[in-house]
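Participant: model this:
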Amino acid sequence: MDKFKQVKEVIASVEADVAKFYDGGNAAAGTRVRKGMQDLKNLAQEIRAEVTEKKNSAK
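Facilitator: Residues are numbered from 1 along each chain as shown. Sure thing, here's the model as predicted:
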């Protein structure tokens with residue numbers, strides 16, 4: 001559950017940079033968005049592994 005909270009925190013932290021990039025054309029904000037999306041991808045993969053492990057251990 002902690003990782004899911006981290007996902008929400010990353011999304012919240014990237015939100016302002018998304019607006020700066022798409023609305024303002026700020027290239028540096030785009031770099032920060034890409035980093036945030038990579039962090040989300042990694043967290044999502046970790047959550048998937050945990051869910052699979054928990055699901056399989058319950059059998």
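Participant: tell me which residues touch Phe21, please.
Facilitator: Listed by C-beta atoms under 8 Å, 6 or more residues apart in numbering, the contact set of Phe21 reads 27, 29-30, 33. Quick note: C-beta positions are derived from backbone N, CA and C, even for glycine.
Participant: how much space between it and Gln38?
Facilitator: 15 Å (C-beta to C-beta, to the nearest Å).
Participant: longest single helix anywhere in the protein?
Facilitator: helix 27-57 (DSSP state H).
Participant: may I see the buried residues of it?
Facilitator: Across helix 27-57, burial judged by 16 or more other C-beta atoms under 10 Å covers 29, 32-33, 36, 39, 43, 47.
Participant: likewise for stretch 8-25?
Facilitator: Those would be 10, 14, 17-18, 20-21, for stretch 8-25 by 16+ other C-beta under 10 Å.
Participant: closest to Lys55 out of these?
Facilitator: Nearest to Lys55 out of the buried residues of stretch 8-25 is Val10 (C-beta to C-beta; 24.4 Å).
Participant: any idea how far the closest one is from Lys3?
Facilitator: Counting by C-beta to C-beta - Val10 and Lys3 are separated by 10 Å.
Participant: mutual contacts of those two, please.
Facilitator: Joint contacts of Val10 and Lys3 (C-beta under 8 Å, 6+ apart) are Leu43.
Participant: residue contacts, Val10?
Facilitator: Residues counted as contacts of Val10 (C-beta under 8 Å, 6+ apart) are 36, 39-40, 43.
Participant: go again with 6 Å.
Facilitator: With contact set as C-beta atoms under 6 Å, 6 or more residues apart in numbering, Val10 has these partners: 36, 39-40.
Participant: quick check, pLDDT for it.
Facilitator: Model confidence at Val10, given as pLDDT, is 95.
Participant: tell me how far stretch 37-44 lies from the chain's centre.
Facilitator: 4 Å (C-alpha atoms, centre = their mean, to the nearest Å).
Participant: check stretch 6-15 too.
Facilitator: Centroid separation for stretch 6-15 versus its chain: 6 Å, with C-alpha atoms, centre = their mean.
Participant: and Ser57, how far is that from Met1?
Facilitator: Counting by C-beta to C-beta, the separation of Ser57 from Met1 is 17 Å.
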